[in-house]
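>>> Below is the sequence, then the predicted model.
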Amino acid sequence: MPDMQAVLRVKKLFLLDMDGTLYLDDQVFDHALDFLSAIKAMGSRYLYLTNNSSKSVDKYVEKMNRVHIPAVADDFFTSTDAACVYLRDNYHGRKIYALGTASFRAQLREAGFPVTDRPEDDVDCLLMGFDTELTFQTLEDACILLNRGVTYLATNPDWVCPTAYGYVPDCGSVSQMLFNATKRKPYFIGKPEPAIAL
């Protein structure tokens with residue numbers, strides 16, 4: 001059996017999930033802070049790698065500091081960040097319909113992408129995130145666009161997101177609902193796709 005402390009000491013970078021791993025809502029799990037401190041004490045670094053695209057990096061920094069986990073923007077790489085990398089490398093179309101929260105749309109705009117939350121005629125890509133502000137109108141807009149044949153991307157395939165009271169539907173569940181209506185499936189960008197860790 002390997003000495004786990006010795007194994008961990010040689011690691012220079014730890015990729016960590018957050019929701020349901022370090023905390024649940026605002027409840028930080030026992031020993032999470034000790035673990036993060038131990039990584040830094042070894043001279044190593046950690047990076048929060050999350051599929052949850054409902055919050056921008058700025059909002060995640062605010063949340064972590066609120067629950068007393070020290071964090072700065074460079075500590076994060078979200079599925080929205082991965083989507084931005086994918087879009088820069090692979091998508092050179094016109095306007096993007098961003099199916100997600102206001103925070104999600106703001107991060108995409110700040111990254112320089114032309115985004116909207118209306119099914120306008122010049123939209124040629126639907127990018128879906130984990131939308132905690134989802135409305136029926138959004139679902140209807142998505143169906144209009146998917147039936148029009150636009151490029152269809154999603155930040156992650158997760159069926160559910162953990163909360164203190166159980167699970168709620170995540171991006172994968174909403175994409176399944178849209179598949180039932182349109183027979184279209186998205187190209188998923190976030191975990192478990194290996195590219196998110198490159």
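Happy to help now that I have it. Numbering: from 1, shown residues only.
>>> quick one: low-confidence ranges for this structure?
The chain contains residues with pLDDT under 70 at 1-5, 7, 195, 197-198.
>>> What are the boundaries of the strands in it?
All strands of the chain, identified by DSSP state E, fall at 13-16, 23-24, 27-28, 45-50, 76-78, 95-99, 115-116, 123-128, 151-154, 160-163, 166-169, 187-188.
>>> out of the ones you listed, which comes closest to residue 135?
strand 95-99 (10.5 Å; C-beta to C-beta). Backbone N, C-alpha and C define where each C-beta goes, glycine included.
>>> Run the angle between that closest one and strand 123-128 for me.
In terms of direction (axes from the mean of the first three to the mean of the last three C-alpha atoms, to 10 degrees), strand 95-99 departs from strand 123-128 by 20 degrees.
>>> quick revisit: tell me the most buried of the strands of the chain?
strand 95-99 (a mean of 25; mean count of other C-beta atoms under 10 Å).
>>> contacting residues around residue 176?
Residues in contact with residue 176 (C-beta atoms under 8 Å, 6 or more residues apart in numbering) are residue 159.
>>> Against residue 28, how distant is it?
32 Å (C-beta to C-beta, to the nearest Å).
>>> what's the answer for residue 179, then?
Distance, residue 179 to residue 28, using C-beta to C-beta: 36 Å.
>>> Just the helices from this structure, written as ranges.
Here the chain has its helices, by DSSP state H, at 4-9, 32-41, 57-66, 79-90, 102-110, 136-148, 171-182.
>>> Please produce JSON lines containing these, extended by distance to residue 23.
What follows is these, written out as JSON lines (distance: least, C-beta to C-beta, whole Å):
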{"stretch": "helix 4-9", "distance to residue 23": "21"}
{"stretch": "helix 32-41", "distance to residue 23": "7"}
{"stretch": "helix 57-66", "distance to residue 23": "9"}
{"stretch": "helix 79-90", "distance to residue 23": "18"}
{"stretch": "helix 102-110", "distance to residue 23": "18"}
{"stretch": "helix 136-148", "distance to residue 23": "28"}
{"stretch": "helix 171-182", "distance to residue 23": "20"}
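>>> Any idea which of those gets closest to residue 196?
helix 79-90 (4.5 Å).
>>> from the middle of its chain, how far away would that closest one be?
11 Å (C-alpha atoms, centre = their mean, to the nearest Å).
>>> for it, packing partners?
Counting contacts by 3 or more C-beta pairs under 8 Å, 6 or more residues apart in numbering; DSSP states H and E, the secondary-structure elements packed against helix 79-90 are helix 102-110, strand 151-154.
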